[in-house]
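>>> What follows is a protein structure lacking sequence information:
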């Protein structure tokens, strides 16, 4: 009798296991691919283990790269917060849609409702959509995520230093401009959920976003979904939970990066537990390079020149890992050009969704992701910055840098949350760099390669005609559109 009971129990366990496996297999076969974007703030090209970081470890990101594809020539849409996010979500160069720089709490503008986001595009295909993290495309109701295709939103509406405290959590001196800012709001959908009034509140954000992301995955495992997790970190002021405080050899910045890596691992665990990891496209990238004048509270550009808010490689070349076990060959390195504006059309091709009615600048990288790494879907990159300034272009292995001014980090940095000063620099005449031999942009070879410079000037002329260039007095081109206004 006892033997029969044991056999029956084993039969039940085997049956349950078989049912679970069949259920997971059916999910993979019948469901549209899911999409997840983990988007980091101010993280450097050299801040991941697979790209040479020392002082902390990123085991989950290293595993993601080993099981997916890592790009070596991937660029953010612009080297600053709001602009780069606009490019990612709309597939457009940010200056095409009127967004530049970083939006502040006093701004009355945001993403134009006429623009189509990834979320809106995928909702047309029946996708559930959510964002947990930093929005930064307009904090007024008409510009918030729910008005741009997202079903759920929890996060901050702009950067976490836009509050009435210093970047070290101290009181600001009387008369400081930030004293007019409100306490940092954490939004739920269209309303303020709570406010952050001290540095300890910043410590909770990475864990909050991660927990909400896992809940969303668990809730939507039987439906196709788009999950966007734009982490507040590693933007200053740096916040990290007690789980990771003091865990790295590099201080709080390393601790923050270890918690971000943990977040990626938690999302991956949720996908695996729900049997949908095989059919989910997961992307990890960042909005721009490191804010280097914050010294030990900033990341590493990995040997690239300069950082955030510059059009040199350190400002705009960013880490990019994409994992999709159903299609991407594991452990692949792709050296072709890619840009954040290419994510929307790539998702459109994979989900068989319609592209936006208005013109976009992105191209689909799906062919590259599926393993055809000698394909070249993106021919060139336009390096716009500020209001509408074309600072350079890249085509193939060559980058032409145009005359412009920039704020250099080539001076003494700050420490422990205090920013160091920057110095104004100027490119007086066009410079040419070979990105294969000189990714650090140290040797101007324009005198040796005049024919290559002339070839890239044709790209410059095309960009100026389409979108303008204030550096040469062309305010707009034929393709600029307006920012959203209240």
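That came through fine. Note that the coordinates shown come from a computational prediction; the quantities given were computed from them, not determined experimentally.
>>> Which residues lie in contact with residue 141 in this structure?
Shown here is residue 141, whose contacts under the criterion CB atoms under 8 Å, 6 or more residues apart in numbering are 147, 190. Every residue, glycine included, has its C-beta placed from N, CA and C.
>>> repeat that with 7 Å
Neighbouring residues of residue 141 by CB atoms under 7 Å, 6 or more residues apart in numbering: residue 190.
>>> quick one, phi/psi of it?
Recorded main-chain torsions at residue 141 are phi -50, psi -40, according to degrees, to the nearest 10.
>>> Residue 423 now?
Note on residue 423: backbone dihedrals following degrees, to the nearest 10 are phi -120, psi 140.
>>> Hmm, it is touching residue 412, no?
No. Taking CB atoms under 7 Å as the contact criterion, residue 423 and residue 412 are not neighbours in contact, 10.2 Å apart.
>>> Report how many residues lie close to the closest residue to residue 277 other than its chain neighbours.
For residue 277, the nearest residue in space outside its immediate sequence neighbours is residue 271; the separation is 4.0 Å by CB to CB, 6 or more residues apart in numbering. One way to gauge burial is a neighbour count; for residue 271, by other CB atoms under 10 Å, it gives 23.
>>> Doesn't residue 271 lie inside a strand?
No. The assignment for residue 271, made by DSSP: H, G, I helix; E, B strand; the rest coil, is helix rather than a strand.
>>> Need the pLDDT of it.
We have a pLDDT of 98 for residue 271.
>>> Let me know the distance separating it from residue 323.
Here the criterion is CB to CB, to the nearest Å. By it, residue 271 lies 10 Å from residue 323.
>>> before we move on, what about residue 59?
When distance is defined by CB to CB, residue 59 is 15 Å away from residue 323.
>>> neighbour count winner among these two?
For residue 59 versus residue 323, the count of surrounding residues by other CB under 10 Å is larger for residue 323: 25 against 13.
>>> can you pull up the bridge partners for the more buried one?
According to DSSP bridges, residue 282 are recorded as the beta-bridge partners of residue 323.
>>> Please identify the buried residues of stretch 245-256?
Within stretch 245-256, the residues scored as buried using 16 or more other CB atoms under 10 Å are 248, 250, 252-256.
>>> So what touches it?
When contacts are taken as CB under 7 Å, 6+ apart, the neighbours of stretch 245-256 outside the stretch itself are 55-56, 233-234, 238, 240, 244, 258, 296-299.
>>> do that again at 6 Å, thanks
With CB atoms under 6 Å, 6 or more residues apart in numbering as the contact definition, stretch 245-256 has outside contacts at 55-56, 233-234, 238, 240, 244, 258, 296-297.
>>> from the chain's centre, how far out does stretch 459-467 sit?
Computed by CA atoms, centre = their mean, to the nearest Å, the separation of stretch 459-467 from the middle of its chain amounts to 25 Å.
>>> which regions of the stretch 51-200 of the chain lie under the pLDDT threshold?
By pLDDT under 70, the stretch 51-200 of the chain contains no weakly predicted segment.
>>> any idea how far residue 423 lies from residue 187?
Distance, residue 423 to residue 187, using CB to CB: 37 Å.
>>> Between these two, which has more neighbouring residues?
Here residue 423 and residue 187 are set side by side on neighbour count (other CB under 10 Å), and the busier one is residue 187, at 19 against 10.
>>> burial of the residue lying closest to that one once chain neighbours are set aside, as a residue count?
In space, residue 187 comes closest to residue 157 once its chain neighbours are excluded; the distance is 5.7 Å by CB to CB, 6+ apart. In terms of burial, residue 157 registers 24 neighbours under the definition other CB under 10 Å.
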